[in-house]
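A.B. asks: Take this sequence and fold it.
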Amino acid sequence: MSLIRRLRVTQRAMERAMLGVSLRDQIRNEEIRRRTRVTDIAQRVAKLKWQWAGHIARRIDGRWGLKVLE
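C.D. replies: Numbering: from 1, shown residues only. Okay, the predicted model is just below:
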């Protein structure tokens, strides 16, 4: 969870830099996210994780990844 928190903080900092907004401007994160139309990094990471798990589960070549997953 601390890694996800750090990723979110970094993403918000990048979005503020893209918009030229300072922390002192006191613009809410939701407003910044609405302006940039960027998806949340935690949601993106979770989606990619499930996609990778599905990819591994569909393999039939006998590699150890599927055996570990099962």
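A.B. asks: And Thr52, how close does it get to Val21?
C.D. replies: Careful, residue 52 is Trp; it's not Thr. From Trp52 across to Val21, the span is 34 Å (C-beta to C-beta, to the nearest Å). In short, each C-beta sits where N, CA and C put it, glycine included.
A.B. asks: and these two? which has more neighbours close in?
C.D. replies: Taking neighbours as other C-beta atoms under 10 Å, Trp52 and Val21 compare with Val21 leading, 15 against 11.
A.B. asks: so who does the residue nearest the centre of the chain touch?
C.D. replies: In the chain, the residue lying closest to the centroid (C-alpha atoms, centre = their mean) is Ile41, at 2.2 Å. Counting by C-beta atoms under 8 Å, 6 or more residues apart in numbering, Ile41 makes contact with 4, 7-8, 11.
A.B. asks: ok, of the residues you listed, which one's closest to Ala57?
C.D. replies: Checking the contacts of Ile41 against Ala57 by C-beta to C-beta gives Ile4 as the nearest, at 23.7 Å.
A.B. asks: Now the closest one: closest residue in space that isn't a chain neighbour?
C.D. replies: Nearest residue to Ile4 in three dimensions, chain neighbours excluded: Ala42, at 5.0 Å (C-beta to C-beta, 6 or more residues apart in numbering).
A.B. asks: Let's see the pLDDT reported for the one you found.
C.D. replies: Per-residue confidence (pLDDT) for Ala42: 90.
A.B. asks: With that, I have no additional questions.
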